[in-house]
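K.L.:
pasted the sequence and its predicted model underneath.
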Amino acid sequence: MFKKNNKFSLVLSLVFAWALLFTGTTDTFATELECETLYPLMTGFLNQHLTQKKFTSELEERTITQFIKILDPAKLYFYANDIETIKGSMSKLFEKIGAKKCEPIDEAQSIYQKRVSESNDFATKVLKDPGFKFQEGISIVIDPAKRSPGKNKEEIESLQNKYLQYQVSTYLASDMKLDEAKKQLTHRYEVMFKHVRETKKDDLYALFLDAFASALDPHSNYLSKDVLEDFEITMRLSLEGIGATLSSQDGYTVIENLIPGGAASKSGELEPKDKIIAVAQGASGKFEHVIDMPLRDVVKLIRGKKGTKVKLSILRQGKSTAHFIVELVRDKIDLKDEAAKISYIDKTVNDKKYKIGVINLPSFYSDSENGERSCSEDVKKLIVEANSKHVDGIILDLSKNGGGVLGEAVRIAGLFIKKGNIVETQDSDGKVETLSDLDSTLNYSGPLVVLTSRLSASASEIVAGALRDYRRAIIIGSDHTFGKGSVQAVMKLRSDLGAIKVTTGMFFTPGGDSTQEKGVASDVKIPSPYMSKEFSEDALDYPLPKKSLPQFISVENNDLAASNHFAPISENMVNELEKFSKSRVSKDSEFNKIITEVKEADLKNGVIKLSDMMKKTVENNKQKAKKYNKPKDGSDPDYLIQPQIKEAVNVLGDLVWLVQGHVTIADGANSEGKPHNKEVHANTGD
């Protein structure tokens, strides 16, 4: 979640007034980062950050660690003793920067430049050797978190040799001949070394500021001018490109989210956590490898005019390592393509037939500038339609919803309860702000299931948490949602210095729990492809800890005597539904396959076998002719047969059966809201 705050602009103005004093001028302002501007900017981060208010030794250690990681994310260059040397020179780093002494930053860059030069020489020597052969029997751990830095030249060159083989394999997988692959890769190393050698001071200081920001928490960043431009374009959903949120992790460009309505989402071929390892322009352009390329440069390659083609070379790690090529046509995001949609399913439970409505909400969107549409109004219309069709229950699918507009989340939750508090935010001063649904209309009062996954984040977690706390819905999904329960403010800086993005607040659901780090737990847990540890806030560096506040549940929603009130979910219902679901899931071949693949991926521990990757690439290329093209409207004919959707329908069928036929409000919960122990059984048919 992001918000603008005028108070921040004032504070930053004061901070930069301080910076002007240090630069010794009052009639001009630096247009590039300088050593003198670092400490005031770092202070600006601390002034606004939710929890970190002081320069501490722990923060200094984190900053140094993050800076080393930003310079050498894949652990390909620094020796172990290089890291110790850098840490030694950066002792009392904050004190030195406060005194406008940035030599430790420059020294770290010098060591890095030396090691990259050595790597370039080594790669050139190896690739120009006439006897060089591709060795597909090699295995490599590409996840640097699972590797220690090389202790000496031999260890570093051994790793780099494996890495060269891996990089060559990605060229060969795109039908390139070995000699051409060697030539292309040699050129890539030369370009990378040139980029490192010509790094300007302000670019280096930008990297350091980002390291400092990321040492505060995973969502605080320094945004240089170029990065800020990309960020603003993405937030406006007007990027003429593939429609995906990208991040840089360990030297790889990683797809974080697919934006509904974008080319990447419509293709049906890409998934979160896919790695983009090369980009080609047009249908026949040559691939340019982007491993270790700055994210902003990768974005420039992917971005382009509407209607033009771009090809992506993708690496996906799971049960087996897959490498494949995806061709996309660049397009603008259209709100109508990401709009909420409803589908209907007839369900039989114990010989009773029920009609189920499935609302797919891919994001919390709002076109407030043009006054056109919002997701809350769209969902309200779908509920009216569902009521006219006399549905027996509704599923709200948030399983791939990464968030969006906070106000829309409040309004969406309000459609399913009477008026009341939905979410509270607490800022760095401890000030609490409550956001409530003020409309007393209960748009839908029937049985409700909310489908989530570890991709459900931010606004999705607010809705799921509120409906859970009001005992309004059954939450079904993997163990918990993503766990992003924090608020970020983006503050533009003067001149061309970009902006800072800093975490300024935390979300809390009506029960008083924050959604931070652990997310919203599922009442009924089902297997998901996204239940690996990497799909979680606590897998990121330095996540903020979970907090709690006194509960702020509105009493209006506990008034069982009120007309048109929903039947509250009792603990007894949850236990029974979970039991029914476990029985089905244990016998379901699709769920068992998911469980097996996730376990096998974890056991591989990030190891890639080049032979497996090449074999998988051949299989993927053979299947290209059979590739299914989705309809132009972006709809997915396979949506309703996904195992998670099918089980959500099963759970809702059971819930409808319990509520309508076997458990009333009176015998499902007593006047104190505690469940009675009533034995019930349900058999769900197809």
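P.N.:
Good, I have the coordinates.
K.L.:
how long is stretch 579-599 from one end to the other?
P.N.:
End-to-end span of stretch 579-599 (CA to CA, to the nearest Å): 23 Å.
K.L.:
buried set for that stretch?
P.N.:
For stretch 579-599, burial by neighbour count (16 or more other CB atoms under 10 Å) applies to Phe580, Ser581, Arg584, Val585, Asp588, Phe591, Ile594, Ile595, Glu597, Val598. No exception for glycine: its C-beta is placed from N, CA and C like everyone else's.
K.L.:
okay if I get the residues you listed as JSON lines plus distance to Lys546, secondary structure and pLDDT?
P.N.:
Shown next, in JSON lines, are the buried residues of stretch 579-599 (distance: CB to CB, whole Å; DSSP: H, G, I helix; E, B strand; the rest coil; pLDDT from 0 to 100):
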{"residue": "Phe580", "distance to Lys546": "30", "secondary structure": "helix", "pLDDT": "96"}
{"residue": "Ser581", "distance to Lys546": "27", "secondary structure": "helix", "pLDDT": "97"}
{"residue": "Arg584", "distance to Lys546": "32", "secondary structure": "helix", "pLDDT": "97"}
{"residue": "Val585", "distance to Lys546": "28", "secondary structure": "helix", "pLDDT": "97"}
{"residue": "Asp588", "distance to Lys546": "32", "secondary structure": "coil", "pLDDT": "95"}
{"residue": "Phe591", "distance to Lys546": "29", "secondary structure": "helix", "pLDDT": "95"}
{"residue": "Ile594", "distance to Lys546": "28", "secondary structure": "helix", "pLDDT": "91"}
{"residue": "Ile595", "distance to Lys546": "27", "secondary structure": "helix", "pLDDT": "91"}
{"residue": "Glu597", "distance to Lys546": "30", "secondary structure": "helix", "pLDDT": "84"}
{"residue": "Val598", "distance to Lys546": "25", "secondary structure": "helix", "pLDDT": "84"}
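K.L.:
low-confidence ranges in the protein?
P.N.:
Counting by pLDDT under 70, the chain has low-confidence residues at 1-31, 230-240, 318-321, 333-338, 368-372, 557-564, 605, 615-637, 661-686.
K.L.:
domain parsing for it?
P.N.:
Using automatic domain parsing, the domain parsing of the chain gives 2-216, 239-329, 337-593+640-668.
K.L.:
want to throw those domains into CSV with distance to Leu610?
P.N.:
As requested, those are exported to CSV (distance: least, CB to CB, whole Å):
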stretch, distance to Leu610
domain 2-216, 5
domain 239-329, 9
domain 337-593+640-668, 22
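K.L.:
for the buried residues of stretch 579-599, which one is nearest Arg147?
P.N.:
Checking the buried residues of stretch 579-599 against Arg147 with CB to CB, the nearest one is Val598 at 22.4 Å.
K.L.:
bridging residues for Gly241?
P.N.:
As for beta bridges, Gly241 partners with Asp331 under DSSP bridges.
K.L.:
state the number of residues packed around Thr51.
P.N.:
13 (other CB atoms under 10 Å).
K.L.:
so is it in a helix, a strand, or just coil?
P.N.:
At Thr51 the chain is in coil, as set by DSSP: H, G, I helix; E, B strand; the rest coil.
K.L.:
number the chain from 13, please
P.N.:
With 13 as the first residue, the last one maps to Thr63.
K.L.:
just give the closest residue to it, not the sequence neighbours.
P.N.:
For Thr63, ignoring the flanking residues on the chain, the nearest one in space by CB to CB, 6 or more residues apart in numbering is Leu556 at 6.2 Å.
K.L.:
go on, Val291?
P.N.:
Once flanking residues are discounted, Val291 sits nearest to Leu313: 4.4 Å by CB to CB, 6+ apart.
K.L.:
now that neighbour: how far from Glu339?
P.N.:
15 Å (CB to CB, to the nearest Å).
K.L.:
settle it for me: which of those two has more neighbours?
P.N.:
Legend: neighbour count by other CB under 10 Å for Leu313 and Glu339, higher for Leu313 (19 against 16).
K.L.:
wait, doesn't the more buried one sit right on Val302?
P.N.:
Yes. The criterion here is CB atoms under 8 Å, and Leu313 meets it with Val302 at 6.9 Å.
K.L.:
okay, and the common contacts of these two?
P.N.:
Residues touching both Leu313 and Val302 by CB atoms under 8 Å, 6 or more residues apart in numbering: Val291.
K.L.:
in this structure, which helix is the longest?
P.N.:
helix 115-139 (DSSP state H).
K.L.:
okay, buried residues for that one please.
P.N.:
Across helix 115-139, burial judged by 16+ other CB under 10 Å covers 116-117, 120-121, 123-125, 127-128, 130-132, 134-135, 138-139.
K.L.:
tell me what that helix is packed against?
P.N.:
helix 69-83, helix 92-101, helix 105-110, helix 165-184, helix 190-209, helix 213-228 (3 or more CB pairs under 8 Å, 6 or more residues apart in numbering; DSSP states H and E).
K.L.:
following it, which helix or strand shows up next?
P.N.:
Next helix or strand after helix 115-139 toward the C-terminus (DSSP states H and E): strand 151-153.
K.L.:
pairing partners for that following strand, with directions?
P.N.:
Strand pairing for strand 151-153, using DSSP bridges, gives strand 619-621 (antiparallel).
K.L.:
was I right about Lys367 contacting Ile406?
P.N.:
No. Lys367 is beyond contact range of Ile406, at 10.2 Å (criterion: CB under 8 Å).
K.L.:
what do those two both touch?
P.N.:
By CB under 8 Å, 6+ apart, no residue touches both Lys367 and Ile406.
K.L.:
neighbour-wise, which of the two wins?
P.N.:
Between Lys367 and Ile406, Ile406 has the larger neighbour count (other CB under 10 Å), namely 24 against 15.
K.L.:
which other helices and strands does the strand or helix carrying the more buried one contact?
P.N.:
Assigned by DSSP H and E, Ile406 falls within strand 405-409. With contacts taken as 3+ CB pairs under 8 Å, 6+ apart, strand 405-409 sits against strand 364-372, strand 460-463, helix 655-669.
K.L.:
and the first one, which strands flank it?
P.N.:
The sheet places strand 364-372 alongside strand 353-361 (antiparallel), strand 405-409 (parallel), with pairing taken from DSSP bridges.
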